[in-house]
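>>> What follows is a predicted protein model with its sequence.
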Amino acid sequence: MKPTSITARREEKILTVIWDDGHTSLYTFSLLRVGCPCAECRGGHDKMGDTPDPSVFTVYLPDSPVTHIKNVLLVGSYGITPVWEDGHAAGIYRWKYLRALCPCGMCGK
C-alpha cells in the first residue's frame, strides 16, 4: 500500500494522504508529532516498530513550532519525513506505519 497523493494543509494543520486502495487519511499535525516514529521520540530503538503506541491517539499538543510542519520530504519509495518548525526532522514515517497511524474509524481507531 502506497500513497497516490500527500498534501500538507498548513493553515488547517492537516496532512491528507490518499492511498492506492482509495482510502483517504487525515492526520492532524499534532497526531503526527505525538506519533513520531524516531528513536528519540519513541524512547529508544527497542520501542520502534511498524505500529504506533495506542496512547498517541489520546494526546493533543497545543499550537506551537512543535506542531508546525515546514516541509514534508519523500524518503526513497517507502516513506516521508516531516520537517518541523522546531528543527525536528528525524522521524521516517514508513507507509505501513503511516497507515497504522490513521485515526479514522475504518482503520480501527
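Noted; the coordinates are in hand. Keep in mind that what you see is a predicted model, and the values were worked out from it rather than measured.
>>> who's residue 83 bridged to?
For residue 83, the beta-bridge partners under DSSP bridges are residue 71.
>>> was I right about it contacting residue 75?
No - under the criterion of C-beta atoms under 8 Å, residue 83 makes no contact with residue 75, lying 11.6 Å away. In this view, the C-beta of every residue, glycine as well, is placed from N, C-alpha and C.
>>> Tell me the buried residues in the least confident helix or strand in the chain by mean pLDDT?
None of the helices or strands of the chain scores lower by mean pLDDT, DSSP states H and E than helix 39-42, at a mean of 88. By 16 or more other C-beta atoms under 10 Å, the buried positions in helix 39-42 come out as 41-42.
>>> Then stretch 85-104?
Residues 88, 91-93, 95, 97-102 are the ones in stretch 85-104 that count as buried (16+ other C-beta under 10 Å).
>>> May I have the distance across it, first residue to last?
End-to-end distance of stretch 85-104 (C-alpha to C-alpha, to the nearest Å): 26 Å.
>>> can you tell me the average pLDDT over that stretch?
Here stretch 85-104 scores 95 as its mean pLDDT.
>>> Quick one: residues contacting the most centrally placed residue in the chain.
In the chain, the C-alpha closest to the average C-alpha coordinate belongs to residue 32, at a distance of 3.6 Å (C-alpha atoms, centre = their mean). Residues near residue 32 by C-beta atoms under 8 Å, 6 or more residues apart in numbering: 15, 69, 82, 93, 101.
>>> at 6 Å what do you get?
By C-beta atoms under 6 Å, 6 or more residues apart in numbering, no residues touch residue 32.
>>> Check the secondary structure at it for me.
helix (DSSP: H, G, I helix; E, B strand; the rest coil).
>>> residue ranges of the strands in this structure, please?
For the chain, the strands defined by DSSP state E cover 3-9, 14-19, 24-28, 69-75, 79-84, 93-94.
>>> Thank you kindly, that will do.
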